[in-house]
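Trainee: below is the sequence, then the predicted model.
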Amino acid sequence: MRIIGSGFLARNLGGRLGRHPGVTIYAAGPSGGGVSDADAFARDAERLYATVAECRADGSRLVYLSTSSVGLYGRPGPFLLESGPVFPCSAYGRHKVAMEAVVRASGVDHLILRLAYPVGPDQPSHQVVPALVSQIRTGRVGVWRGARRDLVDVAHVAAIVDALLARGVVSEVVNVASGTAVPVECLVAHIAERLGLQPATTVVDVPDEAEISIDRLHVLVPEVAGYGFGPEYYRDVLDRYLPVAEVMGR
């Protein structure tokens, strides 16, 4: 197996999935929904094109890591379904939709995984949990009321990818999420409590974001029923990684 990329996801998946020969996982490209750098998107596209060519040449199965964020899906609600329409509302989301289309049209065996918000070690500071920790530590945090974040332990992401590969799942688009989209203000409150801080908050109202459907994930990987997904799952994820996030947020 080969991993394309060297960032947070590549590091956390690479050591866990080595038992799958003939698989290429594309875990490269811009890692934040706020990215709008056309040159970065162009470089990522060229890298994906080269990866597709390699997979066509050697027969590898290609796993493309996409996003299930509002940037790709838009806000159609009430559930974000893999089989439903997408209405990208950011440059990042539009780029991911375009790259998904490249993978589907490539002719290679493929699997497209739309990840929610993975949390774990070696996470870059601009991603949601380290960024919130950093703001909270300054004593002031901005909250987008209506915004929601579905946090998922990167260890569970790795286990899900492992199970999908072991079962030979191909030609599917799968949301990889916990299925519970948590209001950002709840994330802020939990992190602040754990850090023993009481930051001042500035609230900006935004349109409500929908839940990510994981019905297809449950069908393809039934063992996710034992992962503890549910309304309190995010607390467990934060408690596992908050010491790491706190250090990274400094």
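Mentor: Yes, it's here.
Trainee: my read is residue 76 is in a helix, agree?
Mentor: No: using DSSP: H, G, I helix; E, B strand; the rest coil, the assignment for residue 76 is coil, not a helix.
Trainee: was I right about it contacting residue 210?
Mentor: Yes: using CB atoms under 8 Å, residue 76 is in contact with residue 210, at 6.8 Å. Where you see a C-beta, it was placed from the backbone N, CA and C, and this is true even at glycine.
Trainee: okay, the two: which has more neighbours?
Mentor: residue 210 (18 against 14; other CB atoms under 10 Å).
Trainee: residues in contact with the more buried one?
Mentor: If you count contacts by CB atoms under 8 Å, 6 or more residues apart in numbering, residue 210 has them with 70, 73, 75-80, 181.
Trainee: measure it to residue 83 for me?
Mentor: Per CB to CB, to the nearest Å, residue 210 is found 15 Å from residue 83.
Trainee: which phi and psi does residue 2 have?
Mentor: With angles defined as degrees, to the nearest 10, residue 2 sits at phi -130, psi 150.
Trainee: now do the contacts for it.
Mentor: With contact set as CB under 8 Å, 6+ apart, residue 2 has these partners: 23-25, 60.
Trainee: who does it form a beta bridge with?
Mentor: Residue 2 has these beta-bridge partners by DSSP bridges: residue 24.
Trainee: go on, residue 65?
Mentor: Going by DSSP bridges, residue 65 is paired in beta bridges with residue 113.
Trainee: ok, so of the contacts of residue 2, who is nearest residue 126?
Mentor: Using CB to CB, residue 25 is the member of these that sits closest to residue 126, with 22.1 Å.
Trainee: pretty sure the closest one contacts residue 12?
Mentor: No: using CB under 8 Å, residue 25 makes no contact with residue 12, being 11.2 Å away.
Trainee: of the two, give the one with the bigger neighbour count.
Mentor: residue 25 (27 against 21).
Trainee: distance-wise, check that one relative to residue 190.
Mentor: 31 Å.
Trainee: and what of residue 118?
Mentor: Distance of residue 118 to residue 190, computed by CB to CB: 18 Å.
Trainee: between the two, tell me which one has more neighbours.
Mentor: Counted by other CB under 10 Å, residue 118 and residue 190 do not tie: residue 118 has more neighbours, with 25 against 17.
Trainee: sticking with the more buried one, tell me its helix or strand.
Mentor: Per DSSP states H and E: residue 118 is located in strand 117-119.
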